[in-house]
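**Q** only geometry, no sequence info:
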Ligand code: SF4
Ligand code: MG
């Protein structure tokens, strides 16, 4: 059989008789039939044996997530814009019955949101990778590593939970044995959140310990009064992107275009390499929102941008820090390489910069800008400027970013103006005032 995305040449990491490889091949078939451009497909894997699937789809976007969190990550992917011009991603989540239990609320919330996410729940009745413990979907009486006398707990009706949360599509299919590819394709084509529960065999634990055979597996749904096939298909609610005014894609799997941003204007782009910036200040003083605005300004100018933020668990106190990268090419690594520019605005941020060893870690030709209220460590060369006085505590991060990026000429002023137009109307005047102050007397870079 010819595979489109699935790399059948890779040695399978699965036990003989495991249901996972069959589903992965069926997924490949469904994706090929869906006709969605490769650039828009994203495989999001959870922890578990099926979570080893990423390398089998080498030509697709793949994300391997924390246990139970794959659906939440996928919702974020579905809402974002990969910026490659192809349109929004269609995330396909591969999660086990174990992960579905751990992340049950993420499933519920994604169903409530009607996010453009397709979830394949590989239900082999136990946690496979961790040694065959019982899960939320283990049938009553089944022996597992944690229920050697038989599972005393009734299984959850996952389809009922998803329906109660407003999820519009739920299918249950035995793999192999059912029409797996066609069912996955129907889920992909459903406009909004869709779940396919795949009844699979784990010979190593469900059979060897639990005594479940392939024939018994097929009979489990009926024994619980649950149907096989597409058991719920209701497209009456708009999918999330549409509900947010982001448009709807004709293939039913997501939106393209819409009002998600501005058309990038490459004429505003002047940066010809990757540049990294760190801003550190006090929580609640808009360090992180300034970083996001800078990234939007860079993208409006046709650059690629990433933002990674950090603050203590206790919101509103302590430090707030944002790392940014800007580049003319896609940014594959956002890690803590030497920054070109470090901006420090408050003592909390100063301590965090010291804790991360960032004093003196700037790239060759890089610089450190600190507020005049701060004293730099001995021997560290910095520029000091009255940023808090000039812009106020909540405008200092943005003011400093605009001043420094304008001075370096990474992109034109129009990029900032376009980014401000993306902000909520009630915030724009305040942001425009910061921009005007930061650029007063500056000759625009283009
Ligand atoms: Fe498959 Fe079970 Fe083996 Fe994991 S332990 S690979 S789920 S058969
Ligand atoms: Mg499992």
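**A** Structure received. Being a predicted model, the structure only gives us computed values, none of them experimental. Ligands and ions are numbered 1, 2, ... in the order given.
**Q** Quickly list what whichever residue of the chain sits closest to ligand 2 is bridged to.
**A** Using C-beta to the ion, the closest approach of the chain to ligand 2 is made by residue 96 at 3.7 Å. Yep, even glycine has a C-beta here, placed from its N, CA and C like the rest. With DSSP bridges as the criterion, residue 96 is bridged to residue 122.
**Q** what do you get for residue 384?
**A** residue 370.
**Q** Model confidence score at it, please.
**A** For residue 384, the model assigns a pLDDT of 96.
**Q** let's number from 134 now, not from 1
**A** Got it, first residue is 134 now, which makes that one residue 517.
**Q** hang on, it packs against residue 500?
**A** No. Using C-beta atoms under 8 Å, residue 517 makes no contact with residue 500, being 11.7 Å away.
**Q** if I pick the residue positioned nearest the centre of the chain, what's in contact with it?
**A** By C-alpha atoms, centre = their mean, the chain has its centre lying nearest to residue 206, at 3.8 Å. Residues in contact with residue 206 (C-beta atoms under 8 Å, 6 or more residues apart in numbering) are 177, 196, 198, 224.
**Q** Adding distance to ligand 1, pLDDT and neighbour count, write those out as a markdown table.
**A** As requested, the contacts of residue 206 are exported to a markdown table (distance: C-beta to the nearest ligand atom, whole Å; pLDDT from 0 to 100; neighbours: other C-beta atoms under 10 Å):
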| residue | distance to ligand 1 | pLDDT | neighbour count |
| --- | --- | --- | --- |
| 177 | 19 | 98 | 30 |
| 196 | 21 | 95 | 17 |
| 198 | 18 | 96 | 20 |
| 224 | 22 | 97 | 29 |
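**Q** And the helices in this protein, which stretches?
**A** 153-167, 203-212, 230-235, 237-246, 291-297, 313-322, 347-356, 373-376, 420-433, 480-488, 520-524, 529-541, 546-554, 558-572 (DSSP state H).
**Q** Test my guess that residue 313 contacts residue 319.
**A** No. Taking contacts as C-beta under 8 Å, residue 313 lies outside contact range of residue 319: 10.9 Å.
**Q** check contacts around residue 274.
**A** 283-284.
**Q** buried stuff in the helix or strand of the chain with the lowest mean pLDDT?
**A** Sorted by mean pLDDT, DSSP states H and E, the helices and strands of the chain end with strand 437-443, the least confident at a mean of 87. For strand 437-443, the neighbour count (16 or more other C-beta atoms under 10 Å) marks 437-440 as buried.
**Q** What is that strand packed up against?
**A** Helices and strands touching strand 437-443, by 3 or more C-beta pairs under 8 Å, 6 or more residues apart in numbering; DSSP states H and E, are helix 420-433, strand 452-460.
**Q** Redo those as JSON lines? Include distance to residue 507, mean pLDDT and mean neighbour count.
**A** Below are these laid out as JSON lines (distance: least, C-beta to C-beta, whole Å; pLDDT from 0 to 100; neighbours: other C-beta atoms under 10 Å):
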{"stretch": "helix 420-433", "distance to residue 507": "15", "mean pLDDT": "94", "mean neighbour count": "25"}
{"stretch": "strand 452-460", "distance to residue 507": "13", "mean pLDDT": "94", "mean neighbour count": "24"}
